[in-house]
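Novice: Would you be able to build a 3D model of this:
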Amino acid sequence: MFNRRKITGNIRGRFEGLAVPEISLGPVFIIIAMLSILIISIIIRIMPLKYGAYFTAFDPLFQYRVTRYITENGFRAYFSWHDTLSWYPMGRDIARSSYLGVPFSGAFVYFLVNSLGLRASTYYVCLFFPVLMAALSCIAIFFLAKDIGGRAAGLIAAFLMAVNPAFIGRTSLGFYDTENIGIFGMILTSLFFLRSIEEGKKPEYRVIYGIASGLSLGYIFISWGAARYAVGLIGLFVVATLLIRRYSVRILFLCQVIFWKGSCRFPG
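Specialist: Okay, here's the model as predicted:
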């Protein structure tokens, strides 16, 4: 179904007429290049610091408030929190009216950082969380593009992700909102999905990648209202395989695994 070597060969075949030099990308070069890309990604996104360490929209302020409540009262308290300061005079049932992905992730990073002996406030953890997710997204897109077009394609994709204006706008310092996780999750879902249907892999590895893809999809669902787009991409891929007569029972099984794991939600 999905053969990395065939796809890579087809891509290279398109450019056989062009004078593109063959570059040997060793592990050391890849590491240095990726570190450079990550540094560029971080520097661009922390530039708003020259104006002060502030959140840049209303939604990030709400996400920060929920995260602070979790760090002060624990994860379980989130599910029973009736916020009397929102939607006055009725108040707001936070667990039933908001996505838990962002505040739970921010709280996890907060507890992790402080457990390592690095004293950081909830405010600054949430402030820099988008920058962290941007760096992780660059790493994820590197592996996705590498699987399709090789190491050079991975580096190009990571660099374009790092400097993409639309992505910068949603992952810059202080924009602590759902897109931080949404884009990252969509990349992971695609990466693991393509690996799960790749030819030549052992069945157990395919199932593991299918479960990982489903968990990534579930992570998007508990974090972002636009999670349906990730489902649409997988559905569109399946429809395309039907049209070109490349569909198989294996794809059906793996899609069932992915959607089953992706549909697992936290109680709320």
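Novice: Every contact and neighbour count from this point should use C-alpha atoms.
Specialist: Will do.
Novice: Mind splitting this protein into its structural domains?
Specialist: 1-9+27-177, 181-268 (automatic domain parsing).
Novice: doesn't residue 87 fall inside a helix?
Specialist: No. Counting by DSSP: H, G, I helix; E, B strand; the rest coil, residue 87 falls outside a helix, being coil.
Novice: Can you tell me how far it is from residue 141?
Specialist: Going from residue 87 to residue 141 by Cα to Cα, to the nearest Å gives 39 Å.
Novice: Next, the buried residues of the longest helix along the chain.
Specialist: Longest helix of the chain, by residue count under DSSP state H: helix 122-149. Of all the residues in helix 122-149, those buried under the rule 16 or more other Cα atoms under 10 Å are 122-135, 137-149.
Novice: Same check on stretch 208-225?
Specialist: Neighbour-count burial for stretch 208-225, counted by 16+ other Cα under 10 Å, picks out 208-224.
Novice: Could you do stretch 189-202 as well?
Specialist: In terms of neighbour count (16+ other Cα under 10 Å), stretch 189-202 has its buried residues at 189-198.
Novice: and if you look at stretch 26-45?
Specialist: Of the residues in stretch 26-45, those buried (16+ other Cα under 10 Å) are 33-34, 37-38, 41-42, 44-45.
Novice: what would those residues look like in TSV with secondary structure, pLDDT and distance to residue 53?
Specialist: Formatted as TSV, the buried residues of stretch 26-45 follow (DSSP: H, G, I helix; E, B strand; the rest coil; pLDDT from 0 to 100; distance: Cα to Cα, whole Å):
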residue	secondary structure	pLDDT	distance to residue 53
33	helix	95	29
34	helix	96	27
37	helix	97	24
38	helix	97	21
41	helix	96	18
42	helix	97	15
44	helix	96	15
45	helix	96	12
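Novice: Of the residues you listed, which is the nearest to residue 154?
Specialist: residue 34 (9.5 Å; Cα to Cα).
Novice: thought the closest one was touching residue 155?
Specialist: Yes. If you go by Cα atoms under 8 Å, residue 34 and residue 155 touch, sitting 7.0 Å apart.
Novice: Next, show the common contact partners of these two.
Specialist: Residues touching both residue 34 and residue 155 by Cα atoms under 8 Å, 6 or more residues apart in numbering: none at all.
Novice: how many neighbours does residue 88 have?
Specialist: The tally of other residues near residue 88 (other Cα atoms under 10 Å) stands at 9.
Novice: What's the separation between it and residue 57?
Specialist: Here the distance between residue 88 and residue 57 works out to 21 Å (Cα to Cα).
Novice: which of the buried residues of stretch 189-202 sit farthest apart?
Specialist: 189 and 198 (14.3 Å).
Novice: what comes into contact with the helix or strand containing residue 155?
Specialist: Here residue 155, judged by DSSP states H and E, is contained in helix 151-163. In this structure, residues lying in contact with helix 151-163 by Cα under 8 Å, 6+ apart are 25, 30, 33-34, 37-38, 40-41, 44, 134-135, 137-139, 141-147, 167-168.
Novice: Would you mark the buried spots in that helix?
Specialist: Neighbour-count burial for helix 151-163 flags 151-162 (criterion: 16+ other Cα under 10 Å).
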